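> Build the 3D model from these lines:
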Amino acid sequence: MDKDNANPTILNVSELPTRRDRRKKASRKASESKLDAIMRKPQYLSTPFCDIPWSDDTESDDDFTVEPIDEQEVYDLISTISDPEHPLSLGQLAVVNLPDIHISPSPSVAADPNTLTRVLVKITPTITHCSLATVIGLGVRVRLEKALPPNYRVDVMIKEGTHSQDDQVNKQLADKERVAAALENVTLKGVLDKMLETCV
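Prediction:
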């Protein structure tokens with residue numbers, strides 16, 4: 001089978017956005033704080049025989065609160081999906097990009113789990129006549145519908161001006177009956193399962 005795009009642009013994995021980048025910066029700032037060093041519990045009070053109550057600001061209750069799902073988390077879920085044509089991920093091929101993921105209403109710590117939240121992912125095919133754009137869109141949709149809570153509505157569409165038939169592909173991806181019928185197709189389900197094998 002001939003590939004639609006035999007020579008796609010490939011991003012280095014180290015260039016892809018990650019949450020770890022943000023955490024490293026935050027931990028550096030915290031470790032540089034002089035107040036943090038002064039308020040830290042002394043080592044000798046950490047033994048199991050010490051029953052003295054001590055306020056330790058380094059371990060707050062915030063560590064156990066549920067964080068809202070944000071665009072970075074959605075990106076992390078879909079960027080590792082394998083491209084059906086190349087042995088690369090959708091993140092490496094820039095088919096999915098962090099700025100093209102939108103969540104509404106905006107994620108917040110006080111988000112109500114009963115509120116309907118919309119996740120919109122705009123995908124960018126590697127070439128304007130990509131015959132597998134619908135399959136890639138289905139893969140993104142299936143991955144997010146399996147991973148996100150039930151109050152999240154997932155919409156996947158082709159980014160404007162990046163595909164010669166973006167209206168037609170978007171219509172297929174938005175039609176719930178067509179999506180359900182496609183997922184019952186054994187051959188297509190096999191392709192999607194293969195694409196999602198690389199997701200952790």
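
> what bits of the chain have low per-residue confidence?
When residues are selected by pLDDT under 70, those of the chain lie in 1-7, 20-66, 109-111.

> Where do the strands of it begin and end?
Applying DSSP state E to the chain gives strands spanning 101-104, 117-123, 152-158.

> And these: which comes nearest residue 11?
strand 117-123 (14.8 Å; C-beta to C-beta). C-betas here are computed from N, CA, C, even on glycine.

> And the contacts of the closest one?
Defining contact as C-beta atoms under 8 Å, 6 or more residues apart in numbering, one finds that strand 117-123 is touched by 69, 74, 78, 90, 95-96, 100-105, 111, 133, 136-137, 140, 144, 148, 151-160.

> Show me what counts as buried in it.
117, 119, 121-123 (16 or more other C-beta atoms under 10 Å).

> In a markdown table, list these along with distance to residue 8.
A markdown table is the format used below for the buried residues of strand 117-123 (distance: C-beta to C-beta, whole Å):
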| residue | distance to residue 8 |
| --- | --- |
| 117 | 32 |
| 119 | 26 |
| 121 | 19 |
| 122 | 18 |
| 123 | 14 |
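
> tell me the domain ranges of the protein?
Per the record, the chain has its domains at 23-63, 67-196, by automatic domain parsing.

> winner for burial among those domains?
Of all those, domain 67-196 has the most neighbours on average by mean count of other C-beta atoms under 10 Å, namely a mean of 17.

> ok, residue 85 touching residue 133?
No: look at residue 85 against residue 133 with C-beta atoms under 8 Å: they stay out of range, at 11.0 Å.

> So which residues of the chain form helices?
Ranges of helices within the chain are 19-32, 34-39, 71-78, 133-147, 166-174, 176-184, 186-196, based on DSSP state H.

> List the contacts of the last one.
Same thing as helix 186-196. In contact with helix 186-196 (C-beta under 8 Å, 6+ apart) are residues 81-84, 135-136, 138-139, 142-143, 182-183.

> Recalculate using a threshold of 7 Å.
81-82, 84, 135, 138-139, 142-143, 182-183 (C-beta atoms under 7 Å, 6 or more residues apart in numbering).

> May I see these arranged in TSV, with distance to residue 195 as well?
Output for the contacts of helix 186-196, formatted as TSV (distance: C-beta to C-beta, whole Å):
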residue	distance to residue 195
81	5
82	5
84	6
135	8
138	9
139	5
142	9
143	8
182	13
183	13
